[in-house]
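Sharing a model that was predicted from the sequence below.
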Amino acid sequence: MKVVIVGGVAGGATAAARIRRLDEHADIVVFERSGFVSYANCGLPYYIGGIIDDAAELTLQTPESFFSRFRVDMRVRHEVTAIHPDRKTVSVTDLESGEVFEESYDKLLLSPGAQPAQPRLPGIGIPKLFTLRTVEDTLRIKAYIASNQPKTAVLAGGGFISLELAENLRGLGIAVTIVQRPKQLMNPFDPDMAALIHAEVRRHGVQLALGHTVEGFAERDGGVDVLLKDETPLHADMVVLAIGVTPDTHLAQDAGLALGLKGSIMVNDRMETSVPDIYAVGDAVQVKQFVTGQDALISLAGPANKQGRIAADNICGGNSRYQGSQGSSVIQVFDLTAAATGINLTNAGKAGIDADQVVLSPMSHAGYYPGGKLMTMKVVFEKRTFRLLGAQIIGYEGVDKRIDVLATAIRAGLSAIDLKELDLAYAPPYSSAKDPVNMAGFMIDNIAQDILKQFHLADLVSLPRDGSITLLDTRTVSEYSQGHIDGFINIPVDELRERIREVPSGKPVYVICQSGLRSYIACRILTGYGFDCYNFSGGYRFYDAVTNDRCLIAHAADCGKDQ
């Protein structure tokens, strides 16, 4: 059996190694148009910033090492230019010599990946405008910085690569501005959770120009103007386009393969395309979102590796199936860690799912053990069934551990209530006896039992201020004096029982505290006295971060004032 693989890196290289492990006698040829067959895409920004100081560390395998270990014929700087399914060959150009030839196959695996989105805007292609996707891109940016020592940079786009690059450029002393049309960074997060990311990048000197549309680029005064719709241009010594990626599927299209979202390659759960004996994996393929079952494009290394293994199994006569992508991800944002899995509340609404959420602020480990830090956790679930839909966590140590537990729970089909039953490891330096994941489960269980009723940030604007309800802040007098929401009266939770007559009877009570815990306790007290009580999800700390961020995005003059 002869297998030709188009593209290396995560999907193609993984498939090649797996095929060899399953079939010692298969003839395996990999064509990779770049000079690197297997490299760490996710490490590229860290080489630019000097955290990874040796470019060789980015290369996971070389053609020589791959041949030595697996006897796979890895041909870099070879571009496949056409697929001929009728005669089961591909046309190939040797980019070094210019030789053009055809290579036959019994099975063909496409792993072309995705390419940086480059909209058709004026100025695309000017020398100081970069993209970051390959090792070659990285080396160009690194060389430009070394030679020109830029003082300023604009990053167009607010996803993973942009944030990682922003951090590394700031580490080199470069002033960074991130500009993009959406009013938030990091789309896997709901806008309120993204506010915490915004605060962190601003704290480290990154300027955010959110909600602005880039209309083009122009060279001026030795640098680049980023032209914005209805705004003054942003000027910088260099610009990096990081506005996302598009599937690189022109070969598949020309060969008549069925295409899906944004021109991606349609595959079944065996990673088979619409043409017999042709498989496809990685960023170029359309997959199912595991939670919603809807078609999706999810460009992450983990899914690409799994798909490569599954395609290899099936090429070798197996019957492996890809069950879909959850989109589990984690990113370092300066001192913070931000992680997500499943779908957020925004996307649940778009998918037509009636969803709810809990927001909590647990410590990373036992409060009495030194060094613990707060994390902010949002868990999203379906209202009627309590099906676990997704989670977002932003904090410091322990974030990655909790998101992996939640990702596993989603994959295993556990309900949001089941989280309270998970038997998780505990020792004071690592966790609490009631782990944050358990705490989320307890809260959702309380909702299921009608012990906890919530209101959210989006509900605040619609709460009547005509005296028909009571708005109660249960923080200390000192906390209240440092900032509060207009209309909320202050009765500290520890004084509530003695001052219960100050709460008007016969009216619903909407209660807030700093994180949501004291207000929940207050609600239980009030319920015991016959009140209909609602607890604010996330607390004043969460409210303050989100509303201040919205002010900054809108350039409001009254940011930080009482609302």
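Alright, I've got the coordinates. Residues are numbered from 1 along each chain as shown.

Residue 519 versus the residue of the chain positioned farthest from its centre, what's the distance?
Distance from the centre of the chain peaks at residue 501, with 48.1 Å (CA atoms, centre = their mean). Residue 501 sits 20 Å away from residue 519, going by CB to CB, to the nearest Å. All C-beta spots, glycine's among them, are computed from the backbone N, C-alpha and C.

what does residue 457 give?
From residue 457 to residue 519 the distance is 14 Å (CB to CB).

These two: who's more crowded?
residue 519 (26 against 16; other CB atoms under 10 Å).

Correct me if wrong, but the more buried one is in a helix.
Yes. Assessed with DSSP: H, G, I helix; E, B strand; the rest coil, residue 519 lies in a helix.

List the contacts of it.
When contacts are counted by CB atoms under 8 Å, 6 or more residues apart in numbering, residue 519 touches 474, 493, 511-513, 535-536, 539.

For it, give me the pLDDT.
As predicted, residue 519 sits at a pLDDT of 97.

Next: residue 558.
Residue 558 is given a pLDDT of 53.

try residue 362
93.

With secondary structure and neighbour count as new columns, can the contacts of residue 519 be given to me in JSON lines?
Listed next are the contacts of residue 519 as JSON lines, based on DSSP: H, G, I helix; E, B strand; the rest coil; neighbours: other CB atoms under 10 Å:
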{"residue": "474", "secondary structure": "coil", "neighbour count": "30"}
{"residue": "493", "secondary structure": "helix", "neighbour count": "21"}
{"residue": "511", "secondary structure": "strand", "neighbour count": "29"}
{"residue": "512", "secondary structure": "strand", "neighbour count": "28"}
{"residue": "513", "secondary structure": "coil", "neighbour count": "24"}
{"residue": "535", "secondary structure": "strand", "neighbour count": "27"}
{"residue": "536", "secondary structure": "strand", "neighbour count": "30"}
{"residue": "539", "secondary structure": "helix", "neighbour count": "23"}
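
among those, which two are most distant?
Longest distance between any two of the contacts of residue 519 is 13.2 Å, between 493 and 536; criterion CB to CB.

residues shared between the contacts of the two?
By CB under 8 Å, 6+ apart, the residues touching both residue 493 and residue 536 are 513, 519.

quick one on the thing from earlier: out of the contacts of residue 519, who's nearest residue 220?
residue 539 (47.1 Å).

So the closest one sits against residue 520, correct?
No. The pair residue 539 / residue 520 is not scored as a contact, 9.8 Å apart, by CB atoms under 8 Å.

Just want the phi and psi numbers for residue 57.
Main-chain dihedrals, residue 57, degrees, to the nearest 10: phi -70, psi -20.

Tell me how far it lies from residue 330.
Distance from residue 57 to residue 330, by CB to CB: 20 Å.

same deal with residue 286?
24 Å.

Tell me which of the two has more neighbours.
The neighbour count for residue 286 versus residue 330, taken as other CB under 10 Å, is higher for residue 286 (21 against 15).

Now do the SS call for that one.
Applying three-state DSSP: residue 286 is strand.

Return the residues in contact with it.
260-261, 264-267, 295-297.
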